[in-house]
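# 3D model of this:
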Amino acid sequence: MKKLVQCVPNFSEGRRPEVVEQIVAAIRAVEGVSLLDYSLDASHNRSVVTFIGPPARVGEAAFAAAARAAELINMEEHSGAHPRIGATDVIPFIPVSGVEMAECVELARTVGREIGEKLAIPVYLYEAAATRPERKNLARVRQGQYEGLKTEIARPERAPDFGPPRLHPTAGATAVGARPPLIAYNINLGTGDLRIAQAIARSIRGSSGGYPSIKALGVMLEDRGLAQVSINVCNFREVSLPRIFETVRLEAARYGVNVVGSEIVGLVPLEALLDTAAFYLRLEGFAPEQVLEKRLLDLAE
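Got it, this is the predicted structure:
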């Protein structure tokens, strides 16, 4: 089986396509790596890039992208709805085929060390690569965001795993980790009241007593005048997309608010969408093997 690792770095730039293009070009320049997708979000002022390849090549591309982002993005000038700590905010490695999580952990630590030593950017390891239990949760790593971390980083409990104990003057800090597939799923509400989105986010996220594998926060889409529940579905087999959608829809209805749309950021596993189709179409006895494209992919393998 071919060894493949997926990487989904997030960059703190969602309003200047020409900047993101240069970061993507650094990834494309690495032989053996395939760029699968990238997208920009102006409200979050954030971009998400997805690429795949052999572990060593993916690590090389991740470092090249972080180096280019450090040259092009100035966190002192950055603002946006999404929490962030650096120009390259987060770099997760995800096992796809022929690779175990332990290998992605080792890759995360290798790339994290390289970013810390060569770029002088403090690096925090998170999720499966975390060296401290509290850093398994990315939200804890991002606590205080870029602005707060400027002073917090001097505290021993906030010291980075690699790199200097101070923020890079323009690139901030970076979180590097290893994790299973994650679905970035946002649900837009028909209201400009941010408090409603924040209340719904609290009701569904695991840290507040909601679904254990769900992370969520309420943000404001200033350009559309809409409040949004921004969600990370960390285990779609445990909590499916329709279950999340229906929960948010019912919670919003309690406030007299409708759901006006939703979006998936980046790529999504086919299995998650098949679950969604089976739920809303009330399919009985449905199997993934009934999907024509899946059968063709199976034959190609």
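
# Just the element for Phe63, please.
Assessed by DSSP states H and E, Phe63 sits inside helix 55-72.

# Can you give me the buried ones in that helix?
55, 57-70, 72 (16 or more other Cβ atoms under 10 Å). Heads up, the C-betas are built off the backbone N, CA and C, glycines and all.

# do stretch 156-170 as well
Arg158, Pro160, Asp161, Phe162, Gly163, Leu167, His168, Thr170.

# Out of the residues you listed, give me the two with the largest separation.
Asp161 and Thr170 (20.9 Å; Cβ to Cβ).

# Could you list every helix and strand in contact with the helix or strand of the chain with the lowest mean pLDDT?
Within the chain, judged by mean pLDDT, DSSP states H and E, the helix or strand with the poorest mean is helix 292-300; its value is a mean of 81. On a contact count with 3 or more Cβ pairs under 8 Å, 6 or more residues apart in numbering; DSSP states H and E, helix 292-300 meets no helix or strand.

# For it, which outside residues touch it?
The contact list for helix 292-300 (Cβ atoms under 8 Å, 6 or more residues apart in numbering) reads Leu270, Pro288, Glu289.

# Sketch out the strands for the protein, chain order is fine.
4-7, 10-11, 34-41, 46-53, 88-97, 123-127, 174-178, 183-189, 214-221, 226-233, 259-265 (DSSP state E).

# Could you list the alpha-carbon positions for the first one in CSV?
What follows is strand 4-7, C-alpha atoms only, in CSV (Å, rounded to 0.1, in the frame of the first residue of the first chain):
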residue,chain,number,x,y,z
LEU,A,4,0.2,8.8,2.0
VAL,A,5,-0.1,11.6,4.5
GLN,A,6,-2.5,14.5,4.2
CYS,A,7,-1.7,18.0,5.4
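
# Please identify the buried residues of it?
Using 16+ other Cβ under 10 Å as the test for burial, strand 4-7 gives Leu4, Val5, Gln6, Cys7.

# what pairs with it, and is each one parallel or antiparallel?
Next to strand 4-7 in the sheet, as set by DSSP bridges, lie strand 46-53 (antiparallel), strand 88-97 (antiparallel).

# Done for today, thanks.
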